[in-house]
Structure formats: C-alpha cells, structure tokens
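Q: quick one: sequence and predicted model below, then my questions.
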Amino acid sequence: MIKAKDIFSKLAAGMAFFLSAILFVGANTASSTIIHQPKAPESLRRFSKIK
C-alpha cells in the first residue's frame, strides 16, 4: 500500500509540474501574440474609410 501511495504521489507531482509548464508557455505565447501587431502595408491605405 505504501508503494502505491508513493508512486501516486510522484505521478501527481510530475503531472502538476507538466501542466504548470504548459500553462506558463501558453500564457506567454498568447500575450506576445496580442502585443505583436505588424504594420499594414501602405498599399492598403486606398481601401481605408478614414483618410
């Protein structure tokens, strides 16, 4: 019983680390995508309603 509890404890700690790493990477990727907005080409200015 103690071995099963020990294995379960190690598995739970590993899964927590893995999911935390995925959450960290996902949050940083989403925020950097929101911040980075490339400039529109000048050729698109003729379609703008605001002159």
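A: Okay, I see it.
Q: and residue 25, helix, strand or coil?
A: Going by DSSP: H, G, I helix; E, B strand; the rest coil, the secondary structure assigned to residue 25 is helix.
Q: residue 50 too?
A: Assigned with three-state DSSP, residue 50 falls in the coil class.
Q: what does residue 39 give?
A: In three-state terms, and counting by three-state DSSP, residue 39 is coil.
Q: what is the neighbour count of it?
A: If you count neighbours by other C-beta atoms under 10 Å, residue 39 ends up with 5. (C-beta placed from N, C-alpha, C; glycine too.)
Q: for the one 5 residues further on, same thing?
A: Counted by other C-beta under 10 Å, the residues lying close to residue 44 total 8.
Q: what's the separation between the most centrally placed residue in the chain and residue 12?
A: The residue lying closest to the centre of the chain (C-alpha atoms, centre = their mean) is residue 26, at 1.1 Å. The gap separating residue 26 from residue 12 is 21 Å, by C-beta to C-beta, to the nearest Å.
Q: separation between the residue nearest to the centre of the chain and residue 14?
A: From residue 26 over to residue 14 the distance is 19 Å, taken as C-beta to C-beta.
Q: all helices in the chain, in order from the N-terminus.
A: Using DSSP state H, the helices of the chain run over residues 2-35.
Q: for residue 10, give me its contacts.
A: For residue 10, the contact set (C-beta atoms under 8 Å, 6 or more residues apart in numbering) is empty.
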